[in-house]
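J.: Build the 3D model from these lines:
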Amino acid sequence: MLELAILGFLFEAPLHGYELRKRIAALTGHIKPVAEGSLYPAVKRLEKAGLLTRETRPGAGAAPRHVLSLTAAGRAELRRRLAEPAETDITDENRWFTLLAFLRHLEAPRAQAAVLERRLAFLSEPASFFYSGDRPLRAEEMDDPFRRGVLLIARATSRAELAWLRGTLAELRAG
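T.: Numbers count the residues shown, from 1 in each chain. The predicted structure follows:
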């Protein structure tokens, strides 16, 4: 998820490390704050793989800034990751939102639709946070008001996402 966010933001514009960290935190920070101890090793891995470059430029103050830019290979890698997301990128809500934030960079509407169809298929499967044996429990079956709340909120969120997915898929197919 972190590498995808790095590639996605750098696809849009070269950024220095601090600005990149701020943007990633704005996208995913409520889930897991972005620490320098995780961001910079990820940047170094991507740089070593030839997916981004680092250029030192004078800073506004005394310290120089390291500006990060995507290479052609980095742009291709972002598009590959968007077109062929891992199963957890589809099923994990936090990873899904990161993927969705950059899906516009996958320029072919058919490729975008294929990713959305995978999410639609996942959301269409019966699921719950709570089970009786192998059977998913519905909110109406919960005596615990807090667990019932979890299920009602999840249901409302899923319905909203399903409506958006269906509408967006119709637009992509028509265009």
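J.: quick one, longest helix in this protein?
T.: For the chain, the longest helix by residue count, based on DSSP state H, is helix 145-174.
J.: Remind me what it packs against, helices and strands.
T.: Helices and strands touching helix 145-174, by 3 or more CB pairs under 8 Å, 6 or more residues apart in numbering; DSSP states H and E, are helix 109-124. For glycine as for every other residue, the C-beta is placed from the backbone atoms N, C-alpha and C.
J.: by how many degrees do the helix it packs on and helix 145-174 diverge?
T.: Regarding helix 109-124 and helix 145-174, their directions subtend 160 degrees when assessed with axes from the mean of the first three to the mean of the last three CA atoms, to 10 degrees.
J.: May I see the buried residues of helix 109-124?
T.: By neighbour count on 16 or more other CB atoms under 10 Å, the buried set for helix 109-124 is 112-116, 118-120, 123.
J.: same thing with stretch 78-94?
T.: By 16+ other CB under 10 Å, the buried positions in stretch 78-94 come out as 78-79, 81-82, 85, 89-91.
J.: that older thread, I'd like the average pLDDT over the longest helix of the chain.
T.: Per-residue pLDDT over helix 145-174 has a mean of 94.
J.: Okay, buried residues for that helix please.
T.: 147-148, 151, 161, 165, 169, 172.
J.: got the CA coordinates for stretch 98-110 in PDB?
T.: Presented in PDB, the C-alpha positions along stretch 98-110 are these (Å, rounded to 0.1, in the frame of the first residue of the first chain):
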ATOM      1  CA  THR A  98      -5.300   3.600  -1.900                       C
ATOM      2  CA  LEU A  99      -5.700   1.700  -5.200                       C
ATOM      3  CA  LEU A 100      -8.900   3.700  -6.100                       C
ATOM      4  CA  ALA A 101      -7.100   7.000  -5.400                       C
ATOM      5  CA  PHE A 102      -4.800   6.300  -8.400                       C
ATOM      6  CA  LEU A 103      -7.000   4.200 -10.700                       C
ATOM      7  CA  ARG A 104      -7.400   7.200 -13.000                       C
ATOM      8  CA  HIS A 105      -3.800   6.700 -14.000                       C
ATOM      9  CA  LEU A 106      -4.800   3.400 -15.700                       C
ATOM     10  CA  GLU A 107      -6.000   5.100 -18.800                       C
ATOM     11  CA  ALA A 108      -8.000   2.400 -20.600                       C
ATOM     12  CA  PRO A 109     -11.600   2.400 -19.400                       C
ATOM     13  CA  ARG A 110     -11.800  -1.400 -20.000                       C
END
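J.: State the mean pLDDT of it.
T.: Mean per-residue pLDDT for stretch 98-110: 95.
J.: try stretch 38-58
T.: Computed over stretch 38-58, the average pLDDT equals 91.
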